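Asker: Pasted the sequence and its predicted model underneath.
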Amino acid sequence: MSSSNEESITFEYGDWEPVIGLEVHAQLLTESKLFCGCSASFGAGANAHTCPVCMGMPGVLPVLNRRALEYAIKTALATGCEIPPRARWARKNYFYPDLPKGYQISMYEEPLAVGGGVDIDTPDGLKRVTLTRIHMEEDAGKSIHDAHDEHSLVDLNRAGVPLMEIVSEPEIGSPVEASAYLRSLRAVLQFLAVCDGNMEEGSMRCDANVSVRRRGTTKLGTRTEIKNMNSFRNVERAIDFEIRRQIDVIETGGTIVQETRLWDADRGVTASMRSKEHAHDYRYFPEPDLQPLIVDRAWIEELRRGLPELPRQRCARFVTEYQLPQYDAEVLTARRDLAEYFEAAVAQHRNPKAISNWVMGDILRLVRERKLDDALVIEDWPVRPQALAALIALIDDETISGKIAKTVFDEMVASGDEPAVIVERKGLKQVTDTGAITAAIDDVLERHPDKVAEFRGGKDKLLGFFVGQIMKATGGKANPQAVNDILRAKLAG
């Protein structure tokens, strides 16, 4: 993911206009594979989750996972797709060592869903990127190449894992729009709870089709396909490099070759992998072991009625219900887990803006540092939402100051203790006794008569010096508002 210390890229291409379409493979969050009962979980030992069906043994027959179909239909409904009366499975024929059957069960001529779109925010306002299709297919296995061994190994745990392929029209106009599209789509998938969207683990994978043309023209240029991009930032970097590469080739008299290229994140370049296949190269034909897929319309409408609140809907509600700024609402609803964490905290203590600030700051920092997966239950995060709410309540009732709260928060992360317990144990309660605060102020002013004179002579910035000295003298526990009020009165006299 992008961060503040990553290099800046300027996406300007002069007289050239990029044309980008994205193909996203989203792994469905089912317990078992698409056509057999093997576990679809990530991280098991090699070939631990296999059976004759997903290993492609002769004579076995696939049986469709109903839950996978349900998740794909929900995605189609949430993105406004049309679901035709029937879909048809097809065999996509190609040879890889990790494709045990020698073909992949997918869809081609009759996909599950067509049309629809994904909304993204651009500098020019809201833009809807049209979807070409959504179809289902099984994943292939994984080849493992060891540089120190002459052999390659095959792990078939992933073979047969259920995927959705979500294909956009070539309507994306920049690397930034491509990243925005992926973020928006991932948020929809997460809010539906159909895919965790983890690009690093490969449960959401993106291929980009990129071409360029002169501005003002409509004819599409020759496209290349980019693979191996495992983060939003790398999607931006890879597409930007490929656009510039194509422009340079054309402007120096060369010709773009339709091919598949791999993104090398370490070198920051794309490199040719193979010539790009056409659909006929895969020799698609109807899958004889599976009937055409005819989905009951009543079931589709039942699923439509059961759709959850989606990211843009929740964002709008956060603005109206909690009076949050638009920016806060967008950050909090970019991830389902953050949105749920925020609402769980607000349910315990009604100070939405303060909770939003802490979630977007300290909580989100923890989430990123610890790479907490979006499928993780928020109650298992280092600081539970109820504990954060209790911390903010201590600030609001002036038991502790905002500065002391940072110390308490760090201790909450380290120990897991409740904030009130930490405050009591460490003696961090805020000093609100005006007598004690006045005594501390008098002592500081007596020790710095020269600076008192300078302040009264017009050096207003010295107020910060006095406040710092007073807070230091009170161990940071003096009520900041009381300190400021009494200090200003004393200095004015």
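Answerer: Looks like it came in fine. Numbering: from 1, shown residues only.

Asker: contacts and neighbour counts: CA atoms only from here.
Answerer: Fine.

Asker: what helices or strands is the helix or strand residue 436 falls within leaning on?
Answerer: Here residue 436 sits within helix 434-447, counting by DSSP states H and E. Where contact means 3 or more CA pairs under 8 Å, 6 or more residues apart in numbering; DSSP states H and E, helix 434-447 is packed against helix 462-473, helix 480-492.

Asker: Let me know the angle separating that helix from helix 480-492.
Answerer: 50 degrees (axes from the mean of the first three to the mean of the last three CA atoms, to 10 degrees).

Asker: Next SSE downstream of helix 434-447?
Answerer: helix 449-456.

Asker: buried residues in that next one?
Answerer: Across helix 449-456, burial judged by 16 or more other CA atoms under 10 Å covers 451-452, 455.

Asker: Quick one: list the elements packing against the longest helix along the chain.
Answerer: The single longest helix within the chain, with elements called by DSSP state H, is helix 232-251. Using 3+ CA pairs under 8 Å, 6+ apart, the elements in contact with helix 232-251 are helix 175-192, strand 204-214, strand 224-229, strand 269-275.

Asker: tell me the angle whichever helix or strand comes after that helix makes with strand 204-214.
Answerer: Later in the chain than helix 232-251, the nearest helix or strand by DSSP H and E is strand 259-264. Strand 259-264 and strand 204-214 are oriented at 120 degrees to each other (the same axes, to 10 degrees).

Asker: distance between strand 259-264 and the chain's centre?
Answerer: Strand 259-264 sits 24 Å away from the centroid of its parent chain (CA atoms, centre = their mean, to the nearest Å).

Asker: Tell me which strands it pairs with, and in which orientation.
Answerer: strand 224-229 (parallel), strand 269-275 (antiparallel) (DSSP bridges).

Asker: for those, which one sits closest to residue 401?
Answerer: strand 224-229 (44.8 Å; CA to CA).

Asker: Show me where the stretch 101-250 of the chain dips below the pLDDT cut-off.
Answerer: Counting by pLDDT under 70, the stretch 101-250 of the chain has low-confidence residues at 147.

Asker: List the single closest residue to residue 154 in space, sequence neighbours excluded.
Answerer: Excluding the flanking residues, the one nearest residue 154 by CA to CA, 6 or more residues apart in numbering is residue 143, at 4.6 Å.

Asker: That neighbour: helix or strand, and which one exactly?
Answerer: strand 142-145.

Asker: In that strand, which residues are buried?
Answerer: residue 142.

Asker: So which elements touch the helix or strand just after that strand?
Answerer: Downstream of strand 142-145, the first helix or strand assigned by DSSP H and E is strand 152-155. The contact analysis (3+ CA pairs under 8 Å, 6+ apart) places strand 152-155 against strand 142-145.

Asker: Contacts for the strand it packs on next, please.
Answerer: Contact with strand 142-145 is made by 97-98, 151-159, as judged by CA atoms under 8 Å, 6 or more residues apart in numbering.

Asker: can you give me the angle the helix holding residue 436 makes with helix 449-456?
Answerer: 100 degrees.

Asker: ok, residues contacting helix 434-447?
Answerer: So helix 434-447 is contacted by 431, 452, 466, 469-470, 473-474, 478, 482-483, 486-487 (CA under 8 Å, 6+ apart).

Asker: rewinding a little: which one of the helices and strands packed on helix 434-447 is the most hemmed in?
Answerer: helix 462-473 (a mean of 16; mean count of other CA atoms under 10 Å).

Asker: could you say which helix or strand contains residue 366?
Answerer: Using DSSP H and E, residue 366 sits in helix 364-369.

Asker: List the buried residues of stretch 388-400.
Answerer: 388-395, 398-400.

Asker: Then stretch 85-95?
Answerer: Buried residues in stretch 85-95 (16+ other CA under 10 Å): 87-93.

Asker: Inside helices: which ones of these?
Answerer: Per DSSP H, the subset of the buried residues of stretch 85-95 in helices is empty.

Asker: Now tabulate those residues in JSON lines and tack on distance to residue 17.
Answerer: Output for those, formatted as JSON lines (distance: CA to CA, whole Å):
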{"residue": "87", "distance to residue 17": "36"}
{"residue": "88", "distance to residue 17": "37"}
{"residue": "89", "distance to residue 17": "37"}
{"residue": "90", "distance to residue 17": "36"}
{"residue": "91", "distance to residue 17": "36"}
{"residue": "92", "distance to residue 17": "33"}
{"residue": "93", "distance to residue 17": "35"}
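
Asker: which one of those residues is nearest residue 105?
Answerer: Checking the buried residues of stretch 85-95 one by one against residue 105 (CA to CA), the nearest turns out to be residue 91, at 4.9 Å.

Asker: Could you report the neighbour count for the nearest residue to that closest one once chain neighbours are set aside?
Answerer: Once flanking residues are discounted, residue 91 sits nearest to residue 105: 4.9 Å by CA to CA, 6+ apart. Per other CA atoms under 10 Å, the neighbour tally for residue 105 reads 25.

Asker: now the strands for the stretch 51-200 of the chain?
Answerer: 89-93, 103-107, 113-114, 117-122, 125-138, 142-145, 152-155, 162-168 (DSSP state E, counting those that start in this stretch).

Asker: Are there helices or strands packed against the shortest one, and which ones?
Answerer: Applying 3+ CA pairs under 8 Å, 6+ apart, one finds that strand 113-114 contacts strand 125-138.

Asker: Show me what the strand it packs on pairs with in its sheet, parallel or antiparallel.
Answerer: strand 113-114 (antiparallel), strand 117-122 (antiparallel), strand 162-168 (antiparallel).

Asker: Make a markdown table out of these and add mean neighbour count and distance to residue 264.
Answerer: Shown next, in a markdown table, are those (neighbours: other CA atoms under 10 Å; distance: least, CA to CA, whole Å):
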| stretch | mean neighbour count | distance to residue 264 |
| --- | --- | --- |
| strand 113-114 | 24 | 33 |
| strand 117-122 | 17 | 27 |
| strand 162-168 | 25 | 23 |
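
Asker: Can you add distance to residue 409 and give those back as TSV?
Answerer: Formatted as TSV, the strands paired with strand 125-138 follow (distance: least, CA to CA, whole Å):
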stretch	distance to residue 409
strand 113-114	47
strand 117-122	34
strand 162-168	40
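
Asker: so which of these comes closest to residue 174?
Answerer: Checking the strands paired with strand 125-138 against residue 174 by CA to CA gives strand 117-122 as the closest, at 10.3 Å.

Asker: CA atoms only for the closest one, dumped as CSV, please.
Answerer: Only the C-alpha atoms of strand 117-122 are listed here, as CSV (Å, rounded to 0.1, in the frame of the first residue of the first chain):
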residue,chain,number,x,y,z
GLY,A,117,-20.2,-0.7,-12.9
VAL,A,118,-17.9,0.5,-10.1
ASP,A,119,-18.0,4.2,-9.0
ILE,A,120,-14.7,6.0,-8.3
ASP,A,121,-13.9,9.5,-7.2
THR,A,122,-11.8,11.6,-9.6
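
Asker: so how far is that strand off the chain centroid?
Answerer: Averaged C-alpha coordinates place strand 117-122 at 15 Å from its chain's average position (CA atoms, centre = their mean).
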